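J.: sequence and predicted structure, then a few things I'm wondering about:
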Amino acid sequence: MKKYELFLFDADGTLLDYKMAKINALRITFENCGLDYSQDTRMKYREINEQMRGYCDKGGRTKKELQMSRFRRLFSENGINYDEKDATELYYDELGKGSFLLDGALEICKEINSCNKKIYIVTNGIFAVQKARIEGSLIREYISDVFVSEFIGFRKPHISYFDYVFSHIPLVKKDSVLLIGNTIPTDIAGGNNAGIDTCWLNGAGNLNETEIIPTYEIKKLDELERFI
């Protein structure tokens, strides 16, 4: 089995539990804004979110601007008099505190670190939020650096994102690098674009219905031990 010296980990859905962080941030935001954190309110928020999905990718609006629009509509439809900008700031502050780890994340980071090998985080998202979540997590001491798309100016899977990453990692040989991520179109496609080996973390056992092929596929993070 091939061994690697440097591991590029996606953050959300790979090491960090974004779903838990989002639930916690929304609950606190709703309660502070006078909204009941009920199933009906959550469903309405999801409905608004679904209607607006994709706007950010089309350009012209930032994620925070979209989030403000979601809160504005939600408040209006529920008769809530609360400033959407304040709600958005509260939401992202709380999201940044969401350093919840997925099963096996701490253990595999410790194992890689104990073998004197390097770990870097490669993540799309809002710079301040992602940095805060990783800084507050139990895996922070094992991470050499964090690369966030908002700061870089390009998102995975764009090759320019990975060009930036490799230009900021000293003396790296691409054949010694393994990228681990849970998303085929961003993580695996990005790694393939960059010319490095990839590992799809497919905990749910989903079918790969794309033409994007990972080098490896695993269900649990502890399966990475054979590559260390």
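T.: In hand now; what should we look at?

J.: what residue ranges in this protein score low on pLDDT?
T.: 53-63 (pLDDT under 70).

J.: partners of the residue nearest the centre of the chain in the sheet?
T.: Centroid-nearest residue in the chain, with CA atoms, centre = their mean: Asp12, separated by 3.0 Å. Beta bridges link Asp12 to Leu16, judged by DSSP bridges.

J.: mind jotting down where the strands sit in the protein?
T.: Secondary structure of the chain (DSSP state E): strands at 6-9, 118-123, 145-148, 177-181, 197-201, 216-218.

J.: buried deepest among those, which one?
T.: Sort those by mean neighbour count, taking mean count of other CB atoms under 10 Å, and strand 177-181 sits at the top with a mean of 26. Bear in mind the C-beta positions are built from the backbone N, C-alpha and C, glycine included.

J.: OK, contacts around Ala128?
T.: 92, 96 (CB atoms under 8 Å, 6 or more residues apart in numbering).

J.: so where do the helices sit in this protein?
T.: In the chain, the segments counted as helices under DSSP state H are 18-32, 39-52, 63-78, 84-95, 105-114, 127-135, 149-152, 159-167, 189-194.

J.: what sits against Leu26?
T.: Leu26 touches 37, 42, 45, 91, counting by CB under 8 Å, 6+ apart.

J.: let's see that with 10 Å instead.
T.: Neighbouring residues of Leu26 by CB atoms under 10 Å, 6 or more residues apart in numbering: 35, 37, 41-42, 45, 91, 94-95.

J.: and Lys174, how many neighbours?
T.: 12 (other CB atoms under 10 Å).

J.: how far away is the residue of the chain most remote from its centre from Met43?
T.: Residue farthest from the centre of the chain, counting by CA atoms, centre = their mean, is Gly79 at 33.1 Å. Remark: distance between Gly79 and Met43 (CB to CB, to the nearest Å) = 17 Å.

J.: Ile188 - how many residues pack around it?
T.: Applying other CB under 10 Å, we find 28 residues neighbouring Ile188.

J.: ugh, wrong one, I meant Glu225
T.: Per other CB under 10 Å, the neighbour tally for Glu225 reads 12.

J.: ok, and the closest non-adjacent residue to it?
T.: Leaving aside its sequence neighbours, Glu225 sits nearest to Glu111 (CB to CB, 6 or more residues apart in numbering; 6.3 Å).
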